[in-house]
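Novice: The following comprises the amino acid sequence and a computationally predicted model.
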Amino acid sequence: MNRFPGKLALQQRVLPHYRVPFFDLLASACDRGMSLFAGLPRPSEGITTASQFHTAEYRLGRNLHLFGGAFYLCHQQALLTWLQEVNPDALIVEANPRCISTPAAVRWMRRRGKPVLGWGLGAGSGGVLWKHFVRQFDAMIAYSRRGAGEYAALGFPQERIFLAHNAVAHAPLQPFPSRPSSFGVRPVVLFVGRLQARKRVDALLHVCARLQNVRLVIVGDGPERGALQSLAEKIFPEAEFAGEKRGEEIREYFSQADLFVLPGTGGLAVHQAMSHGLPVIVAKGDGTQDDLVRTENGWQVQPDDFDALLSAMQEALSDPARLRRMGEASYRIVKEEINIERMVAAFVAALNALTGK
């Protein structure tokens, strides 16, 4: 792996726990170390945050959450104090216009002749605000090809846009998991993620109730769990709610599943599922899914389209042999193309391109 010979500072609004492996590996690729700065989310967001790292230095800031809804803004106190203490050779910031303290950090680096990179999902439909926002950065790191295209559409120079596929799983070291050529008594459908409205687990329950001959396992916890269990008792009482699992516990659920389904938006558990050799059905979202899920390893459906989700699950479960081949394709994509190691390599390449190292 290539290395960044300097010291890196990296700002985020909040630090989700699933980013720990990525940040630790990125820190290990920086010769002079890496310091992270982030605050805490609003209680209503339900984000499980990270606090301990093996390699990266972590500084907890104080987020001031202003207004709400479409008018939400976040000011991070002590951001400049952190930069002064760390004195980095380069800074990567979350490309989020709602973080109103970011421009001051960019100016601080500018005065010292040091580069600042933005990292984000993309710019959506863009607009004047986004065009002005991205102009302050020396380079952009995009989660997906769609995001990279959105930055380019704003007029940001193509040669300074870097693609780092969004990943939460390492390239698997274990061999491809062997599964029988046919299903057991019933095919096992798995969902993993936080139980919140936008994940549309309710739609998955309704589809499984229509299909009947499936075993549905739901791994995760969250504010919608009670409502979902009540719904399951009425329409599909066989549904299994396993609660939140991590580490070795969750690996067992992936190994026993035949198909992974993410019916709503958000959630990177699909990447974990693919690393365990599972075919996937996901709702179209921010562009991350476009790179991960292809016809060779799964299905993308429109969010909130019950008939499309039902049709995809019927097709998936109609041919066990084909489903196993699609699982092999999922495993190959994560092993060879989209993983934490490749993501770190893309970050280091962007840093070295800007600093001339």
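Specialist: Ah, there it is.
Novice: Name the secondary structure element that contains the closest residue to residue 54 other than its chain neighbours.
Specialist: Counting by Cβ to Cβ, 6 or more residues apart in numbering, residue 24 is the residue found nearest to residue 54 once chain neighbours are left out, at 5.0 Å. All C-beta spots, glycine's among them, are computed from the backbone N, C-alpha and C. Using DSSP states H and E, residue 24 maps to helix 20-28.
Novice: what's the spacing between the residue nearest to residue 54 and residue 10?
Specialist: Distance, residue 24 to residue 10, using Cβ to Cβ, to the nearest Å: 12 Å.
Novice: Look at those two and report which has more neighbours.
Specialist: residue 10 (24 against 17; other Cβ atoms under 10 Å).
Novice: So the more buried one: helix, strand or coil?
Specialist: In three-state terms, and counting by DSSP: H, G, I helix; E, B strand; the rest coil, residue 10 is strand.
Novice: Now do residue 342 against residue 94, distance only.
Specialist: 21 Å.
Novice: ugh, typo on my part, it should be residue 251
Specialist: According to Cβ to Cβ, residue 251 and residue 94 sit 30 Å apart.
Novice: Residue 308: what's it in contact with?
Specialist: For residue 308, the contact set (Cβ atoms under 8 Å, 6 or more residues apart in numbering) comprises 301-302.
Novice: From residue 263, how far out is it?
Specialist: Counting by Cβ to Cβ, the gap from residue 308 to residue 263 is 10 Å.
Novice: tell me, what's touching these two both at once?
Specialist: Shared contacts of residue 308 and residue 263, counting by Cβ under 8 Å, 6+ apart, come down to residue 301.
Novice: Next secondary structure after the strand or helix carrying residue 81?
Specialist: Residue 81 is part of helix 79-86, with elements assigned from DSSP H and E. Counting by DSSP H and E, the next helix or strand C-terminal to helix 79-86 is strand 90-94.
Novice: Who does that next one pair with, and is each partner parallel or antiparallel?
Specialist: For strand 90-94, the paired strands and their directions (DSSP bridges) read strand 8-14 (parallel), strand 116-120 (parallel).
Novice: quick one, which of those strands is nearest to residue 196?
Specialist: strand 8-14 (15.7 Å; Cβ to Cβ).
Novice: pLDDT of the closest one, averaged?
Specialist: Mean per-residue pLDDT for strand 8-14: 97.
Novice: how far off helix 20-28 does that strand point, in degrees?
Specialist: Per axes from the mean of the first three to the mean of the last three Cα atoms, to 10 degrees, the angle that strand 8-14 makes with helix 20-28 is 160 degrees.
Novice: List the contacts of strand 8-14.
Specialist: Residues contacting strand 8-14 (Cβ under 8 Å, 6+ apart): 19, 23, 26-27, 30, 32-41, 45, 47, 49, 63, 74, 76, 79, 82-83, 86, 88-94, 96, 98-99, 102, 105, 351.
Novice: Recalculate using a threshold of 7 Å.
Specialist: 30, 34-41, 47, 49, 63, 74, 79, 83, 86, 88, 90-94, 96, 99, 105, 351 (Cβ atoms under 7 Å, 6 or more residues apart in numbering).
Novice: now stretch 199-209, how far from the centre of its chain.
Specialist: Offset of stretch 199-209 from its chain centre (Cα atoms, centre = their mean, to the nearest Å): 22 Å.
Novice: With stretch 126-137 instead?
Specialist: Relative to the chain's own centre, stretch 126-137 is displaced by 23 Å; criterion: Cα atoms, centre = their mean.
Novice: correct me, but residue 272 touches residue 172?
Specialist: No - between residue 272 and residue 172 there is no contact under Cβ atoms under 7 Å: 10.2 Å.
Novice: Neighbour count: these two, which is higher?
Specialist: Higher neighbour count among residue 272 and residue 172: residue 272, with 20 against 16, using other Cβ under 10 Å.
Novice: Skipping its backbone neighbours, what lies nearest the more buried one in space?
Specialist: Excluding the flanking residues, the one nearest residue 272 by Cβ to Cβ, 6+ apart is residue 169, at 5.2 Å.
Novice: what's near enough to touch that neighbour?
Specialist: Contacts of residue 169 by Cβ under 7 Å, 6+ apart are 271-272, 275, 334, 339-340.
Novice: Neighbours of residue 116, how many?
Specialist: Residue 116: 23 neighbours (other Cβ under 10 Å).
Novice: Relative to residue 6, how far out is it?
Specialist: Distance from residue 116 to residue 6, by Cβ to Cβ: 13 Å.
Novice: Residue 345 too?
Specialist: Separation of residue 345 from residue 6 (Cβ to Cβ): 17 Å.
Novice: rewinding a little: of the strands paired with strand 90-94, which is nearest residue 132?
Specialist: strand 116-120 (12.6 Å).
Novice: quick check: mean pLDDT across that closest one?
Specialist: Per-residue pLDDT values across strand 116-120 average out to 97.
Novice: Tell me the helix or strand right after that strand.
Specialist: Sequence order places helix 128-134 as the next helix or strand after strand 116-120, per DSSP H and E.
Novice: and the following helix or strand past that next one, how far out from the chain's middle?
Specialist: Downstream of helix 128-134, the first helix or strand assigned by DSSP H and E is strand 139-142. Mean-position distance between strand 139-142 and its chain equals 16 Å (Cα atoms, centre = their mean).
Novice: Could you say which helix or strand holds residue 282?
Specialist: Per DSSP H and E: strand 280-283 holds residue 282.
Novice: what helices or strands is that strand leaning on?
Specialist: The helices and strands touching strand 280-283, judged by 3 or more Cβ pairs under 7 Å, 6 or more residues apart in numbering; DSSP states H and E, are strand 259-262, helix 269-275, strand 298-301, helix 306-317.
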